[in-house]
Structure formats: C-alpha cells, structure tokens
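[1] Give me the fold of what follows.
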Amino acid sequence: MKKSLLILPLVLLASALALTACGGGSTSSGSDEEAAIEEAIETSATSSDPSKCSEVQTEGLNETETGKTGQAALEACETEAEEETGQPESVTVTQVEIEKEEAAAEVAIEGGALNGQAIAVGLQKEEGDWKVDAYIGFTRYDPAGIAAAFEEKLGEEEGVSAELAACISEGVAEMSRDEAQLLFFEKNKEGFEEITESCKG
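    Now for the predicted structure:
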C-alpha cells in the first residue's frame, strides 16, 4: 500500500473525531457516497463470499491480509473468505470523511475476534466504486474483550485444553494497543506466538 493512502485516512479520521467532539457533523460529499462506503466496509468485514476480495477490497488490502502479492493475493483472499470463521456479526460505521478519491471511517464492531472494538478504516475509489484499502488501527481498544473472544475461539479448537486457552487469553489481555495492531492489522504473529509458546512451556 502506498504510504499516502495510510496517512490520509489517519488525518481524515482525526478531523472526523474532532468534529464529533465539537458537535459538528461529517464533511463528506453526500449520503449516497457514505452509503456506498458503509456497504463496502460491511461486506468486507462480515461476508464470507469470495467475490468481496475483488468487489469491495483493493489489491493492497488483499496483499496485507494474505502476505502474498498480485493474483496470488486475490486467490488466497478468496480461499480464506470461504474458510473464515470468527468474523464480526455486524459493524456500525460511526463516522465517514471523504477527500476526493480517498476516504476514512470509524467502525464499531460487534461479534468475532474484535468484538467491542472500534477501528479506523481507509478506503480508495477505483473505477467509481469504493473499496476498503486498509484496516488502520484501533480508535477504541478493549484488550479484555479481545482476550475473551480468543479464549472462546481457542476453547472450540481440538487439542487445546481449557488451561491453555485461559493462559493464552491472559497473555492477549496484556497486549498493548500497538502489539494488538501488529497482530490484527499487519498480520505480524510474533507476539502472539511468543505468548502461545510461553503458555505451552
């Protein structure tokens, strides 16, 4: 992903949150655009339909999510979409900011691994359609909520004892915002693997 596409949504989101704090409204260019953005975010976050990988997500997001590039990233995304479990039950877009062909939104999440969190999402307009380009970071971070979701998910895995699930959950609860962002948004599992190995040891 181009650096500018990461910086702009953060700037826009800061502006959006400042407007909200001051009692102002969105400065976006219209409700139709906002509706299209909300639909793209909802589909990307909650759908298990492989078509979302090309219809509502950019190649940059697919590459970040899968660790692959180009066509390989698209194919991996499509496979993962069909197999994915633990995605949000629903999302609520609470703020949208649009600047020409780029946009940012704050999204509250219900269900799944990020239940109870709120995140910043960057979008890019491609050939007239809004697509999710990046899950940027937490705007509201509740590590206890993430830990509880992890413990529940791990408890469903074969070969994972209740004690191991609880230990890993406790480690996740102690993760900083930055560490959690590395895991969820940059797919860097090093910290999580260290927690798991420590609990197994």
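
[2] Report the spatially nearest residue to residue 81, omitting neighbours in sequence.
    residue 50 (4.7 Å; CB to CB, 6 or more residues apart in numbering). (Glycine included, C-beta is placed from N, CA and C.)

[3] contacting residues around the one you found?
    77-79, 81-82 (CB atoms under 8 Å, 6 or more residues apart in numbering).

[4] mind redoing it with 10 Å?
    74-75, 77-82 (CB atoms under 10 Å, 6 or more residues apart in numbering).

[5] Quick check: the residue nearest to residue 190 when sequence neighbours are not counted vs residue 44, distance?
    Leaving aside its chain neighbours, residue 190 sits nearest to residue 182 (7.7 Å; criterion: CB to CB, 6+ apart). Distance, residue 182 to residue 44, by CB to CB, to the nearest Å: 20 Å.

[6] With neighbour numbers in mind, choose between the two.
    It is residue 44, of residue 182 and residue 44, that has more neighbours when counted by other CB atoms under 10 Å, with 25 against 17.

[7] wait, doesn't that one sit right on residue 122?
    No. Between residue 44 and residue 122 there is no contact under CB atoms under 10 Å: 11.6 Å.

[8] Where do the domain boundaries of the chain fall?
    The chain breaks down by automatic domain parsing into domains covering 3-140, 143-200.

[9] so where do the helices sit in the chain?
    3-21, 31-46, 52-55, 59-66, 70-83, 143-155, 162-173, 177-185, 190-200 (DSSP state H).

[10] Determine which of those shows the lowest mean per-residue pLDDT.
    Among those, helix 3-21 carries the lowest mean pLDDT, a mean of 49.

[11] quick one: contacts for the spatially closest residue to residue 49 that is not a sequence neighbour?
    The shortest distance from residue 49 to any non-neighbouring residue, by CB to CB, 6+ apart, is to residue 81 (6.6 Å). Going by CB under 10 Å, 6+ apart, residue 81 touches 44, 47-53, 57, 65, 87.

[12] any chance of those residues in TSV, with distance to residue 110 too?
    Shown next, in TSV, are the contacts of residue 81 (distance: CB to CB, whole Å):
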residue	distance to residue 110
44	15
47	15
48	17
49	20
50	23
51	23
52	19
53	23
57	21
65	21
87	11
